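J.: Sequence plus predicted model, see below.
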Amino acid sequence: MRMDASARRAARLAAVQALYQMEHSGASTADVLEDFRAGKLPRETEATYTDAEGDAELFKVLVEKAVERQATLDRAIARHLSKGWRLDRLDAVARAILRAGAAELEQRGDIPVAVVIDEYVEIAHSFFEGPEPGFVNATLDACAKDLRGGGIGA
């Protein structure tokens with residue numbers, strides 16, 4: 001794996017952890033950006049599969065845009081949940097994965113849809129052993145059609 005791919009992977013994982021932290025502890029965007037700069041994100045956990053330094057630019061875009069555009073991104077995600085499900089009923093980690101993935105789909109048109117989806121499915125696999133990775137795959141693919149005008153083939 002090239003270094004830039006490892007750095008992007010670390011940034012994505014750190015963004016998911018940051019969004020989770022922000023939701024649960026009330027940390028601000030500035031707090032998590034500082035944690036990232038200080039090397040505190042991504043955190044070393046059983047779920048961490050890379051120790052590469054993260055891509056600071058990608059991390060910043062993912063966190064800032066997931067927060068700034070949360071209402072729009074949440075609507076895009078919610079449109080593709082099963083009937084009767086609401087975003088607030090999802091596990092907080094799954095919600096953070098979907099928000100980071102949706103932010104990347106919307107903001108980083110230079111990164112192919114399939115790459116974005118695969119990366120967040122891998123992150124989901126690192127946290128979940130059940131159906132969640134498949135759910136992340138299907139939901140982000142559907143969101144890609146809304147956010148970029150195309151799914152996996154885009």
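T.: Structure received.
J.: from here on, contacts and neighbour counts on C-alpha atoms
T.: Will do.
J.: Show the model's pLDDT score for residue 100.
T.: Predicted confidence (pLDDT) at residue 100: the value is 98.
J.: Near it, how many other residues are there?
T.: Residue 100 is flanked by 32 other residues according to other C-alpha atoms under 10 Å.
J.: Okay, it and residue 79: tell me how far apart.
T.: Applying C-alpha to C-alpha, to the nearest Å, one obtains 17 Å for the distance of residue 100 from residue 79.
J.: Repeat that for residue 31.
T.: For residue 31, the distance to residue 79 equals 31 Å [C-alpha to C-alpha].
J.: next one: residue 126
T.: In terms of C-alpha to C-alpha, residue 126 sits 25 Å off from residue 79.
J.: now do residue 137
T.: Note on residue 137: its distance to residue 79, by C-alpha to C-alpha, is 15 Å.
J.: Check residue 53 too.
T.: Using C-alpha to C-alpha, one gets 35 Å for the distance from residue 53 to residue 79.
J.: now swap in residue 140 and tell me
T.: When C-alpha to C-alpha is the yardstick, residue 140 and residue 79 sit 11 Å from each other.
J.: Of the two, which one has the most company?
T.: Between residue 140 and residue 79, counted using other C-alpha under 10 Å, residue 140 has the larger neighbour count: 31 against 16.
J.: Nearest the geometric middle of the chain, what residue?
T.: residue 100 (2.6 Å; C-alpha atoms, centre = their mean).
J.: now for the helix or strand hosting that residue, which elements pack on it?
T.: Using DSSP states H and E, residue 100 sits within helix 92-107. With contacts defined as 3 or more C-alpha pairs under 8 Å, 6 or more residues apart in numbering; DSSP states H and E, the packing partners of helix 92-107 are helix 3-25, helix 56-68, helix 70-78, helix 113-127, helix 132-148.
J.: buried stuff in that helix?
T.: Within helix 92-107, the residues that count as buried by 16 or more other C-alpha atoms under 10 Å are 92-107.
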